[in-house]
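Visitor: Fold the following for me, if possible:
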Amino acid sequence: CLLHVTVDKTEIANSMLRCVLRGVPRMKKQFRTAAWLVTVFVAGMLLPEFVHSPNDRVDAVAARRGGGRVPLSSRIASAASRRSYTAGDGIDSASPVHLFKVALSLSLGVLKQGELDLAEAELLADAVEAEAAALGVQEGVAVEAAPIEDASGKKKMVIGVLTDPYSLGTIGLAAFSTWGQEAQQFATVIFFVGSCQADTSSFPGTVVCLDTPDTYPPQRKVFLMWAHLWRHHANDYQWFTKVDHDTYVNVEKMRGLLHVLSSAKYSQQCSYVGLPALGRAEEAKKLGLSGRPYCSGLGYTINMHCMTAVGPNFGGCFDGTVSNHSDTEFGRCIMKHADAECTGVSGYSFKQIYYQQSGDMVFPMKLVSGGQMTLVFQKEPKATHFGATLLHPLKRADDFYRFHKQSTSGLRPVQPHISDKSEPSPYQMASADLRQSCVHNPQRQKAVTGVALPECKSCDREEPSVSPTVAYVLTQEGSSSRESFDETATVLSEAGIRAVQIPIPGWSGPATGHTPRGAELPDSESADGAQSASRLAYFAAIRSLLSNATTNGARRVMILEEHVMFSCTFKEQLWALLNSRRCTAHLLTKRRGGVVLLGANEATAKGLATLELDRSDAFAANGDVQAALCYNVHDSFEGSFAGIYHTSTFNEILKWMATVKASPPPFHKVFDHLSDQGYIVRAAFPNLVLPEILVDPLQHTESLPPAQVAVRLRWYEGKYCRRGKQPILG
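Guide: Just a heads-up that it's a prediction; the model follows:
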């Protein structure tokens, strides 16, 4: 097989696989496993480079219709792009585990010829990605994409949301209030209900009643919805999309998909786009679709060419149904009258969730009467959920609001462990999704769950780097704090930042700081009652500050506490930090946000090791020394005396303070909470700001272990100054 290649390098993979796929089933059993393992390995090495090269890509569909010979890789890529996602075992189809399973099954001779064809598709699943690369599509972004509005400014897409009067005020309203509002930038959104008896006048969006029962399956409603779009909007739009009311639309991904669909590849013929499916195995013969994929009912899109072909035939298609499924029958209509089948677009997945997770246990979805799915959507979505163009199902309004916040704010929550005591099928699916996930704080992820996941890539800044112009300095009430505030205000003014004093009645000052780790705290701070009252006073000041910032539309807020000291090169270090993509780009966006802290209390030896490892990993991953100017907060992190907060965190901080007010912890514990929720919380190192030191940290160290002395040497290295750059340390 290795010798059976042609001179043209793009045919190497085709020729080799053709030989192996024909020859292996005839091999002796003891040789099959080895042959398949070699094939899988070589195919995995060759295909990313050779399949569908930009210069020699063959359009499989056009070649088939034109009678030309289609290379095996093209046929397999086409098959892979329309695989059914409804009958999988939950393992990533492109993963080594899955490829091994395919190879092993073949080696044991348990697959029939039809399944052998599917095995070909599984082996070359990555060919779809290769085709996307050949088209210039990467990470859901099209090169030189067409505008999403035509020359007259008309929107190119209409989205029909299939719902009912009972759900319109719950998940229907949630859909409209989240993705529905934002989608109207480029699409018209219409909600369709069956009954015309219900009063829908209070619904803020456009509602069309179809005068049919709101029964499930909603086959009649679906065809009536499409008939309405055909009669009233066929000439108004270029793309027509149907989604269920429990489907979440990722607006940015949908916008990107619309760009791709506007290319000649999709816009000059009937294109039927969605999640390709073949149906349940027991129904395949009854459906009679000859193995051609239809689009799963969670949502799909057709263009004007499809609408022109099938629009006049919707009535006949409904009369000729052979099942009670709406998605299969609509697909049959498209196949019959437009000669098209469902296709997926690489980089724009339509995700159907088949499991639910509670704690570390995962469970399969449940089917209720009529075949409807019931599923509790998890509070810690995985990367595949965030990356989906359409995500289904979200069965509760709260799920819509929470996921929309997570998605638009770029949150990547800490992922819970998945217990291997869960049922095998949902365990495999959830584990496959988990392996593809990332988090913003790998240190917190590992500490909380023991599951190691990589750090997500940093976002791009949407605004130019700019230093804060105002800093709010929290002080104790009374004249004794004036000197400390004046000192801080002078140093900040030297960096071009105006200081505003916020005196806090009842606050006893920073709960930690003033003295390095290991020194004794004043007796007054050890009294639980006084400490609790002091923290509540501090919380009240933060609550007022963030609430006012929200009211005034502030994008960012810089907050400091009294009695701090600054790096002698504070202005220059702050500017370097603000120009680090990893450290602060999230602060320079409209919605993503997070927190960056300008210093921390002295770390433990373990904390310093964690910090240095985090910075080392960041440098290795980014290849940029600026990425190592900060680290992710970890479980032993202490200090909230200097930080910049993005508006996206304000409400979450306010909610956290409300939940802990009965027994308020130190304020820096909010950073653990924010990290768990998926916000980016990073701290500068070397420290730009530190608590003011009353004693030299390197004196009186006899009682400290050597490791902590080493920490101090690292923690307080550099110079820290008063106003006029008068050194304190260093």
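
Visitor: Now do the end-to-end distance for stretch 180-193.
Guide: Using C-alpha to C-alpha, to the nearest Å, the end-to-end distance of stretch 180-193 comes out at 16 Å.

Visitor: now that stretch, how far from the centre of its chain.
Guide: In terms of C-alpha atoms, centre = their mean, to the nearest Å, the centre of stretch 180-193 is found 22 Å from the chain centre.

Visitor: same thing with stretch 305-322?
Guide: 37 Å.

Visitor: Now do it: everything it contacts.
Guide: Applying C-beta atoms under 8 Å, 6 or more residues apart in numbering, the set of residues contacting stretch 305-322 from outside is 219-220, 223, 226-227, 229-230, 234, 240, 268-272, 286-288, 302, 329-330, 332-334, 336-338, 340. For every residue, glycine as well, the C-beta is placed using N, CA and C.

Visitor: buried ones in it?
Guide: Counting neighbours by 16 or more other C-beta atoms under 10 Å, one finds that the buried residues in stretch 305-322 are 305-307, 309-311, 314, 317-318, 321.

Visitor: Quick one: end-to-end distance for that stretch.
Guide: Taking C-alpha to C-alpha as the measure, stretch 305-322 stretches 25 Å from start to finish.

Visitor: Kindly report the same for stretch 592-607.
Guide: Between the opening and closing residues of stretch 592-607 lies a distance of 27 Å (C-alpha to C-alpha).

Visitor: repeat for stretch 307-320
Guide: The separation between the terminal residues of stretch 307-320, taken as C-alpha to C-alpha, is 18 Å.

Visitor: Next: stretch 462-471.
Guide: Its start and end residues considered, stretch 462-471 measures 22 Å (C-alpha to C-alpha).

Visitor: tell me the mean pLDDT for it?
Guide: The pLDDT scores in stretch 462-471 average 92.

Visitor: Mind listing residues that contact that stretch?
Guide: By C-beta under 8 Å, 6+ apart, the residues outside stretch 462-471 that reach it are 492, 495-500, 556, 558-560, 574-575, 578-579, 584, 588-590, 644.

Visitor: low-scoring stretches of the stretch 501-650 of the chain, by residue?
Guide: Within the stretch 501-650 of the chain, the stretches falling below the threshold (pLDDT under 70) are 511-527.

Visitor: how about the closest residue to residue 665 other than its chain neighbours, what does it touch?
Guide: Leaving aside its sequence neighbours, residue 665 sits nearest to residue 535 (C-beta to C-beta, 6 or more residues apart in numbering; 7.6 Å). Residue 535 sits next to 511, 664-667 when contact means C-beta under 8 Å, 6+ apart.

Visitor: which is the next helix or strand following the longest strand along the chain?
Guide: Counting residues, the longest strand found in the chain (DSSP state E) is strand 294-303. Using DSSP states H and E, the helix or strand that follows strand 294-303 in sequence is helix 304-310.

Visitor: Tell me the gap between that following helix and the middle of its chain.
Guide: On the basis of C-alpha atoms, centre = their mean, helix 304-310 is displaced by 34 Å from the centre of the chain it belongs to.

Visitor: Number the residues from 23 up from this point.
Guide: In the new numbering, first residue 23, that becomes helix 326-332.

Visitor: quick check: mean pLDDT across that helix?
Guide: 97.

Visitor: any idea which helix or strand comes after it?
Guide: Next along the chain after helix 326-332, taking DSSP H and E as the criterion, comes helix 336-341.

Visitor: can you count the residues close to the nearest residue to residue 232 once chain neighbours are set aside?
Guide: Ranked by C-beta to C-beta, 6+ apart and with sequence neighbours excluded, the top spatial neighbour of residue 232 is residue 246, at 4.3 Å. As a burial measure, residue 246 scores 21 neighbours (other C-beta atoms under 10 Å).

Visitor: circling back: cross the contacts of residue 557 against strands and list the overlap.
Guide: Among those, no member falls in strands (DSSP E).

Visitor: Dump those to TSV, plus distance to residue 406 and neighbour count.
Guide: Converted to TSV, those look like this (distance: C-beta to C-beta, whole Å; neighbours: other C-beta atoms under 10 Å):
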residue	distance to residue 406	neighbour count
533	42	20
686	38	18
687	34	14
688	36	16
689	35	21
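
Visitor: Quick one: buried ones out of the contacts of stretch 327-344?
Guide: 241-242, 245, 248-249, 251-252, 262, 292-294, 309, 324, 351-352, 354-356, 359-360, 362.

Visitor: Sort out for me which of the residues you listed are in helices.
Guide: 241-242, 245, 248-249, 251-252, 309, 351-352, 354-356, 359-360 (DSSP state H).

Visitor: quick one: which of the residues you listed is nearest residue 203?
Guide: Each of these was scored against residue 203 by C-beta to C-beta, and residue 251 proved nearest at 21.2 Å.

Visitor: any idea how far that closest one lies from residue 179?
Guide: Remark: distance between residue 251 and residue 179 (C-beta to C-beta, to the nearest Å) = 11 Å.

Visitor: what sits in contact with each of these two?
Guide: Overlap between the contact sets of residue 251 and residue 179, as judged by C-beta under 8 Å, 6+ apart, is given by residue 262.

Visitor: quick one: the residue nearest to residue 232 and residue 231 touch, right?
Guide: No: with contact defined as C-beta atoms under 8 Å, residue 246 and residue 231 do not form a contacting pair (10.0 Å).

Visitor: follow-up on the earlier one: point out the least confident member of the contacts of residue 557, please.
Guide: Among those, pLDDT bottoms out at residue 533, giving 55.

Visitor: and the contacts of stretch 484-493, which are buried?
Guide: 514, 517, 519, 521, 578, 580-582, 596, 600-601, 606, 610-611, 666.

Visitor: farthest-separated two in those?
Guide: Distances among those were taken as C-beta to C-beta; the most separated pair is 521 and 611, at 25.9 Å.

Visitor: burial measure for residue 708, as a count.
Guide: When neighbours are defined as other C-beta under 10 Å, residue 708 has 15 of them.

Visitor: Residue 418 too?
Guide: For residue 418, the number of neighbouring residues by other C-beta under 10 Å comes to 16.

Visitor: ditto for the one 4 residues further on
Guide: If you count neighbours by other C-beta under 10 Å, residue 422 ends up with 26.

Visitor: Please apply the same query to the one 5 residues further on.
Guide: Each residue near residue 427 was counted by other C-beta under 10 Å, and the total is 17.

Visitor: State the three-state secondary structure for it.
Guide: Three-state call for residue 427 (DSSP: H, G, I helix; E, B strand; the rest coil): helix.

Visitor: Who are the contact partners of it?
Guide: With contact taken as C-beta under 8 Å, 6+ apart, residue 427 is in contact with residue 433.

Visitor: which element is residue 567 on?
Guide: In this structure, residue 567 is located in helix 550-573 according to DSSP H and E.

Visitor: list the buried ones in that helix?
Guide: Across helix 550-573, burial judged by 16+ other C-beta under 10 Å covers 553, 556-557, 559-565, 567-568, 571.

Visitor: right, and residue 660 touches residue 693 too?
Guide: No: Residue 660 sits out of contact with residue 693 when judged by C-beta under 8 Å, with a separation of 9.7 Å.

Visitor: So which of the two has more stuff around it?
Guide: Using other C-beta under 10 Å, the more surrounded residue of residue 660 and residue 693 is residue 693, with 28 against 21.

Visitor: how close does the more buried one get to residue 463?
Guide: Counting by C-beta to C-beta, the gap from residue 693 to residue 463 is 10 Å.

Visitor: so what sits against both of the two?
Guide: If you check residue 693 and residue 463 against C-beta under 8 Å, 6+ apart, the residues they both contact are 655, 703.
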